[in-house]
Each structure stands twice: as structure tokens, then as C-alpha cells.
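Q: Mind folding the following:
(chains A, B, C and D)
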There are 2 protein chains.
Amino acid sequence: MAATIRDVARAAGVGLGTVSRVLNLSPLVSAATRQRVLDVIAELHYVPSRLAHTLIAGKTRTVATIAPFFTRPSVIERLRGIEATLAGHGYNLVVFNVESAERRNACLRDVPRADRCDGVLMISLPPRGDEIAALHATKLPVVLVDTSASGLLGVCIDDVAAGELATRTLVELGHRRIGFIGDAQAYTATFNFTSSWERHQGFRHVLQAAGLAVRPAYEGFGFHGRYEARVLAREMLLLAEPPTAIFAASDTQALGILEATRDLGLTVPAHLSIIGFDDIDIAEYLGLTTVRQPLFESGAHGAELILSMIAGHRPAPVTAYLPVELVVRGSTAPPASA
Amino acid sequence: MAATIRDVARAAGVGLGTVSRVLNLSPLVSAATRQRVLDVIAELHYVPSRLAHTLIAGKTRTVATIAPFFTRPSVIERLRGIEATLAGHGYNLVVFNVESAERRNACLRDVPRADRCDGVLMISLPPRGDEIAALHATKLPVVLVDTSASGLLGVCIDDVAAGELATRTLVELGHRRIGFIGDAQAYTATFNFTSSWERHQGFRHVLQAAGLAVRPAYEGFGFHGRYEARVLAREMLLLAEPPTAIFAASDTQALGILEATRDLGLTVPAHLSIIGFDDIDIAEYLGLTTVRQPLFESGAHGAELILSMIAGHRPAPVTAYLPVELVVRGSTAPPASA
DNA sequence: CTGTTAGCGCTTTCAA
DNA sequence: TTGAAAGCGCTAACAG
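A: Residues are numbered from 1 along each chain as shown, chains lettered A, B, ... in the order given. Down below sits the predicted model:
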């Protein structure tokens, strides 16, 4: 169908290698010959086969990204950082969306292969011990984004500290009855998600340091979604002594809490202070106080690391921690009683 | 590094072709030989190279998707439909995010190549005449999603009719001063986006049919974004005689209008009715009346078409129209004066 | 400077 | 049944 290097060589009356040299900008071709070859190439609309080149070079110029629930705003933003960086270097991005344990395992088993991609980026999905070993065995560059694992490079934030930051903000505003709504263990365990759990750790640290009781009724865990958070928040707010503030492990969940207050005719922040996490697009619109983490940058940085590893560098397998920032908006205030 | 078919053949003491036959489930291998080969394969952890297979077969088992601004909720949802369908058939999704005219052109030129992918899906990006010709020349299956072009398959909705539906809803509620906020021509022209323009056509049809004047001051066009829509809506609402209803070409823009009403201390729908488009996730939360289009399904259907074409089918190059649906929520009501 | 010759890892005849 | 050989389209090493 398409013209091959051989067709070009024949038409230009030169050897196969000469065409290859022209293609690869080798200086060992006379200007005249080069021009003749170039003319024929243009004439035949010849385009070198990526495939054949890939087979020889053993490089696919492709980076695979395994991402869970890639419609989530935070994941998307990371992907955008990845795509932008990769595209800037002529690399392709192959996306694998994970929404079940089976798919997660299948991806971890099948995706990291040298004949498929030059490197693997994993978002929020820490591999288990045996999987790490398998990953190392492939010799393929691997970078984790929004998670970490020993022996692998990672780009993430300090979720415990970020959880402390959010909770401390609430404590310093004078709140003493503070709730937390995050991801259910059963669900995070499926994917080994850690961020909600770690933010919860930070939450507890601050509560304890402030001498505040940790009340089970003030801690709600459910599937990561607006609806689930709404139900959990409703329960909490209907308590005889409801919390005056709630820290949500994500903005999506904070939205659910906002919905619950609306359902119950409560006003934010008069009746309840809410603090979310991520600073997704809609947070500003809703006036949600939140902990902003550099999503785009995490993807971009992860992609840069992969690219440098593909280029042959072998950076130490450490986890890079990106800074978070508290964005204060209208959903937080001192408690009414204070 | 990794074991090759030759290593297996040598270790099993058989010919190269025999291993290949075992791999390809050929019946022309004795059970004994097959077992021996299988054992060696397991022992050597041999995995056939996708690359080499691809070179031979001329198939990449990859579908490329060119999408503009893939962080937009509507685009994401289509991509999810695409990925889900592709993954279900063992195909990989390579994503190209387009955010500039240069990148659009580069993608259209470089992506549709048989050595890169088996088919191309384009979201919201109709190719121009010369590009269509080039696309045909590649012999590669191409399917357009959310747009159409003569000679190519497309999956979209009837945006004119949808625009009429939205506007008619407003007219039937009794509104006579109805505004429209959509994408600016200068910006859509860059990518040949048509949906906002067509929805606007529908808007005008209904206005004229209802004998209502089309007032330039009631039509605002800007970059597709919340902020721009907010500015446009503000202007419109500060008019001596402001519209009592506004139809936004997207939910994102409807959010901007919502923001503007809030800025001005107006109540929705008492002071202003708003109707959006897409029914993105947040629309329900905000109680936004909107025109829902099947986003996930459009992607899924587009992917199915591509897959069937890759399988050799040559469906007629027609555009499939998916149904839209009006979702009535709290942002619409009869005008206060009615 | 340039043509020729091996392969990359696999599929596919073609004999045996 | 099975082994050997001929490529797929290209690069790289090797003679000229």
C-alpha cells in the first residue's frame, strides 16, 4: 500500500542504506544525493513506518498511564499534566482506566511490557510487594503519581500533613466538634488507595493534640462520591449534638456535605463549616474552603521523571512531595456558639 | 533481555515455526510437541512480542482519539465511553489532547497513520475538505463523535433541534425576552466547533416562529468557559430591559450565568430562568434545567463503529443521531411578570 | 560517500 | 506433523 524505503531507493536509484541515512540526517550523504532522495520521498509521499522503527529501536515512544476512575476531576487534571508533558516531547499517551479490582490486576500484569510502552505511570494505585518485584523485573521505568511504594519513584503530597492542616484550620477557628468524611476502607482496599486514610490520620493527630475527643459518630466512611457523602453527612447532622465543622477527604465529598446541609435547611458556614480537598474547578464557584494540591503539576512532574528515565537516567527511587496550600473561601467560619 | 521465540524453540528442541504454531493455536502440532513447547514457554516466562506481531499483522490494536480540551466534563464522559468499549475488546486508547490550532493540525496530519493506530476517533473536530481527502487516502477507519462531515461516519445529536427544544421550553413558559450565551465565532472557527452555533440556530428559529424579536444585546458569545459566560450574562442582566431567561450552549456556561445572577443579587428562577446543555454531573446538584445528551453513549457507539470497521465492515458513511432529553429542574419557571 | 548485508521477533509458505 | 527459509520495513555494521 504505502511506499516503503525500498521503493524510494529504487526510484531514486540509490541503495537502501542511503535512503535510511537521509532519513536519519546522517552527514555522510552528498548534498546532491540527499536532494534526489528527498525529492523522491516527497513525490512518493513516503512516510517511514513507525512500526518498523519501533521494532528495531525497541522503543515505542509511548507511555502508558494506569488511572482509576479517570472521570474524577482530580484524575483528569493529573492526566492533563501528563499528556501535555508527553506531547511536548513527541511521546504518546495510552490510557488505561481502572474501575474494578480485576481490571486493576489485569493492567498491572499486562501493561508494563517493553513491547507496549517505554514507561508506565500509575495514578493513585500503589503496587503490592509482589507486583513491585514484577515491575522491577520488566526493567521498565515506572513512576507513581499520588502514591508511593518502596523502591519506586513517586510524586505525591504529604496527605497526613495536609489532613492536619485542614483540621488545624478548623480547630483554630474555634471548632471543637469536628467531623470527617472520607473513603470507606472496604473500597480503598480494593485499589490500595491511601490518601483518604492518611488525611484521616492527620485529622486524628490534630484532634488528639488539641485534646478533642474522637467520636465515632463524627467519622463517616463511604464510597467516594457525592451521594454517599451526602447520606453520611445527613446522619451526622441529625445527631443530637452534631458537629459544627466537617473535613471532607475530597471536594466531591464536600459537595455531598453541602447538599446535606441544604436538605436540612442549614446554612454554611453559620451552622456548619466545611473544608474540602483538591480545589477542583467547581470549588471556587461554590465558595468552598479547601486544601489545594498541585494536580496538573503532579502529572507533569511524573511524566518528566518517566521521560528522563526513558532517556537513560536512573534517579534514586524516592518519593517527591509537592506542596499543598489552604484556600480559604466562604465555607469556613468560627462556630456559631463560639 | 526477554526470551524470544527462538530461545523457546532451542530449549524445546523444535523448530521456530512449531513454536509459532503452538502460539497461534494451530491444530497441526502433535499434543506431545505442543506440551513440550508450552512447558518451555512457562519455564522461560516467554511472552510474545506485541511489536513484532504488529509489524507482521500491520495491526496495532490501538485506536487513537483526538479530543479538544479533554478536561471538559462532556469530553471526559465521551472518552470514558470510548475507553470502556475499546478495553472490552482488547484495544488500547491513545489520547491526543488538542488545545490549539497548531496542535489540531499536527494531530490531523500525523495521527491517522496505519503504523500508529488501526483507527481514529475525533471528538468535536470536523476535518476540512482537504483533510477529509487525506483521511480517506490513509484508508484508515475514521469516526467522528459530536460532529459530522460528508463522507465520514459520525455520531452526534441534532444540535439545531436541541437548541429549538431548549428555547421552546422557555417560550412555552411564557418568556418573551430570551437571551442566548454561547461560544464565540472566532474561537469555534479555530477548531470548527459547530454545536454552539447550531444550538444558536435552533434558538433563532424558535424565536422567529414565536414572533419574538432577536435582539443582538440578548446574544452573547465568548470563549467556552464559566468566567466568560459570567461576564456576558452580567452585561445582559444590567440592560435596562434584561432578558427573563437565558439559554446557555453548555452547562459550564450556564454556571457562569448562575454566578452572574448571584453577583447581582438576583434569584433563579424568580428573576431569571436558565437552561443549560449536557447535564454534566454538577447540573443536578445545582438544580439546573438542561438538555441532556448521551455523552458516554456517543463515545461508546463511536468506538463500536471503529471496531466494526477495523474488523472489515464498511458501513455507509452516515451520521447517526442520538436522542436528547430535556431535564427540568429548578432553574426554569414562568417569568415573574407573566 | 554509498551499496550490500545482516538481523529486530514473528508469521508463513514450502518442502520434507 | 515439522523444520527451514523468506520476508514485514527499517537500522546499523561492513566493505568498497
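Q: Assign the closest residue to A:Gly220 other than its chain neighbours to helix, strand or coil.
A: Computed as Cβ to Cβ, 6 or more residues apart in numbering or on different chains, the closest residue to A:Gly220 that is not its neighbour in sequence is A:Leu232, at 3.3 Å. In this view, the C-beta of every residue, glycine as well, is placed from N, C-alpha and C. In three-state terms, and counting by DSSP: H, G, I helix; E, B strand; the rest coil, A:Leu232 is helix.
Q: next one: A:Phe296
A: A:Phe296 falls in the helix class when you classify it by three-state DSSP.
Q: which SSE is the residue lying closest to it once chain neighbours are set aside in?
A: The spatial neighbour of A:Phe296 that comes closest, neighbours along the chain excluded (Cβ to Cβ, 6+ apart), is A:Gly81 at 4.0 Å. The secondary structure element spanning A:Gly81 is helix A:73-88 (assigned by DSSP states H and E).
Q: ok, and what's touching that helix?
A: Where contact means Cβ atoms under 8 Å, 6 or more residues apart in numbering or on different chains, the residues beyond helix A:73-88 that reach it are A:63, A:65, A:67-70, A:92-93, A:95, A:121, A:123-124, A:145-146, A:250-252, A:278, A:280-282, A:295-304, A:307, B:70-71, B:76, B:95-97, B:103.
Q: so for whichever helix or strand comes after it, what's the average pLDDT?
A: Next helix or strand after helix A:73-88 toward the C-terminus (DSSP H and E): strand A:92-98. Confidence over strand A:92-98, taken as the mean pLDDT, stands at 94.
Q: Quick check, pLDDT for whatever residue of the stretch 151-300 of chain A ends up closest to DNA strand C.
A: In the stretch 151-300 of chain A, the residue that lies nearest DNA strand C is A:Leu152 (25.7 Å; Cβ to the nearest atom of the strand). The confidence metric pLDDT takes the value 96 at A:Leu152.
Q: Surely A:Leu286 is in contact with A:Leu258?
A: Yes. The pair A:Leu286 and A:Leu258 qualifies as a contact (Cβ atoms under 8 Å) at a distance of 6.6 Å.
Q: Name the residues contacting each of these two.
A: Residues within reach of A:Leu286 and of A:Leu258 at once, by Cβ under 8 Å, 6+ apart, are A:Ser331.
Q: Of those two, give the one with the bigger neighbour count.
A: Of the pair A:Leu286 and A:Leu258, A:Leu258 is the one with more neighbours under other Cβ atoms under 10 Å in any protein chain shown, namely 26 against 21.
Q: Any chance you could list what contacts the helix or strand where the more buried one lies?
A: A:Leu258 belongs to helix A:251-263 when elements are defined using DSSP H and E. In this structure, residues lying in contact with helix A:251-263 by Cβ under 8 Å, 6+ apart are A:72-73, A:181-182, A:224-234, A:237, A:246, A:248, A:267-268, A:271-272, A:274-280, A:282-283, A:286, A:288, A:290, A:331, B:282, B:285.
Q: tilt between it and helix A:73-88?
A: An angle of 150 degrees separates the directions of helix A:251-263 and helix A:73-88 when computed by axes from the mean of the first three to the mean of the last three Cα atoms, to 10 degrees.
Q: Which of the residues in helix A:251-263 are classified as buried?
A: Neighbour-count burial for helix A:251-263, counted by 16 or more other Cβ atoms under 10 Å in any protein chain shown, picks out A:251-261.
Q: Kindly present the residues you listed as CSV, with separate columns for distance to DNA strand D.
A: As requested, the buried residues of helix A:251-263 are arranged in CSV below (distance: Cβ to the nearest atom of the strand, whole Å):
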residue, distance to DNA strand D
A:Asp251, 48
A:Thr252, 47
A:Gln253, 51
A:Ala254, 53
A:Leu255, 52
A:Gly256, 54
A:Ile257, 57
A:Leu258, 57
A:Glu259, 57
A:Ala260, 61
A:Thr261, 62
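Q: Same list (these) but as JSON lines, adding pLDDT.
A: Converted to JSON lines, the buried residues of helix A:251-263 look like this (pLDDT from 0 to 100):
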{"residue": "A:Asp251", "pLDDT": "97"}
{"residue": "A:Thr252", "pLDDT": "96"}
{"residue": "A:Gln253", "pLDDT": "97"}
{"residue": "A:Ala254", "pLDDT": "98"}
{"residue": "A:Leu255", "pLDDT": "96"}
{"residue": "A:Gly256", "pLDDT": "97"}
{"residue": "A:Ile257", "pLDDT": "98"}
{"residue": "A:Leu258", "pLDDT": "97"}
{"residue": "A:Glu259", "pLDDT": "95"}
{"residue": "A:Ala260", "pLDDT": "97"}
{"residue": "A:Thr261", "pLDDT": "97"}
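Q: rewinding a little: list the buried residues in the helix holding A:Gly81.
A: If you call a residue buried by 16+ other Cβ under 10 Å, then helix A:73-88 has these buried ones: A:73-87.
Q: so who does whatever residue of the stretch 51-200 of chain A ends up closest to DNA strand D touch?
A: Per Cβ to the nearest atom of the strand, the residue of the stretch 51-200 of chain A with the smallest distance to DNA strand D is A:Ala52, at 3.2 Å. Residues in contact with A:Ala52, defined by Cβ under 8 Å, 6+ apart, are B:55, B:115.
Q: Just the element for it, please.
A: According to DSSP H and E, A:Ala52 maps onto helix A:50-57.
Q: where does chain A come near DNA strand D, residue by residue?
A: By Cβ under 7 Å from any atom of the strand, the residues of chain A that approach DNA strand D are A:4-6, A:16-17, A:20, A:23-24, A:48-49, A:51-53, A:55-57.
Q: Let me know how buried the nearest residue to A:Leu51 once chain neighbours are set aside is, in neighbour terms.
A: In this structure, A:Leu51 finds its nearest non-sequential neighbour in B:Asp115, 4.2 Å apart by Cβ to Cβ, 6+ apart. Using other Cβ under 10 Å, B:Asp115 is surrounded by 17 other residues.
Q: Would you map out the domains in chain A?
A: Under the assignment automatic domain parsing, the domains of chain A span A:5-57, A:62-157+A:295-321, A:159-293.
Q: what's the closest of those to B:Gly202?
A: domain A:159-293 (27.3 Å; Cβ to Cβ).
Q: Quick one: end-to-end length of the closest one, please.
A: Distances were taken as Cα to Cα, to the nearest Å; on that basis the terminal residues of domain A:159-293 are 10 Å apart.
Q: quick one: secondary structure of the residue of the stretch 101-250 of chain A found nearest chain B?
A: Nearest to chain B in the stretch 101-250 of chain A, going by Cβ to the nearest Cβ, is A:Asp115, at a distance of 4.2 Å. Secondary structure of A:Asp115, reduced to three states by three-state DSSP: coil.
Q: isn't it right up against A:Thr62?
A: No. Counting by Cβ under 8 Å, no contact exists between A:Asp115 and A:Thr62, whose distance comes to 10.4 Å.
Q: Residues of the stretch 201-338 of chain A that sit close to chain B?
A: Proximity of the stretch 201-338 of chain A to chain B, by Cβ under 8 Å from any Cβ of the partner chain, involves residues A:226, A:255, A:259, A:281-282, A:285.
Q: which one of those residues sits closest to B:Ala133?
A: Of all these, the one sitting nearest B:Ala133 is A:Asp281; the distance, using Cβ to Cβ, is 38.9 Å.
Q: can you give me the helices in the stretch 1-150 of chain A?
A: Assigned helices in the stretch 1-150 of chain A, in chain order: A:5-12, A:16-23, A:31-44, A:50-57, A:73-88, A:101-110, A:129-138 (criterion: DSSP state H, counting those that start in this stretch).
Q: Tell me which of those approaches A:Leu170 most closely.
A: Across the helices of the stretch 1-150 of chain A, the minimum distance to A:Leu170, taken as Cβ to Cβ, is reached by helix A:73-88, at 21.7 Å.
Q: CA atoms of that closest one as PDB?
A: Included here for helix A:73-88 are C-alpha records, laid out as PDB according to Å, rounded to 0.1, in the frame of the first residue of the first chain:
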ATOM      1  CA  PRO A  73     -11.800  15.800  38.300                       C
ATOM      2  CA  SER A  74      -8.600  15.300  40.200                       C
ATOM      3  CA  VAL A  75      -7.500  12.400  38.000                       C
ATOM      4  CA  ILE A  76      -8.300  14.300  34.800                       C
ATOM      5  CA  GLU A  77      -6.200  17.200  35.900                       C
ATOM      6  CA  ARG A  78      -3.300  14.900  36.500                       C
ATOM      7  CA  LEU A  79      -3.800  13.300  33.100                       C
ATOM      8  CA  ARG A  80      -3.800  16.700  31.500                       C
ATOM      9  CA  GLY A  81      -0.400  17.400  33.100                       C
ATOM     10  CA  ILE A  82       0.900  14.000  31.800                       C
ATOM     11  CA  GLU A  83      -0.500  14.500  28.300                       C
ATOM     12  CA  ALA A  84       0.900  18.000  28.000                       C
ATOM     13  CA  THR A  85       4.400  17.000  29.000                       C
ATOM     14  CA  LEU A  86       4.400  13.800  26.900                       C
ATOM     15  CA  ALA A  87       3.100  15.600  23.800                       C
ATOM     16  CA  GLY A  88       5.700  18.200  24.300                       C
END
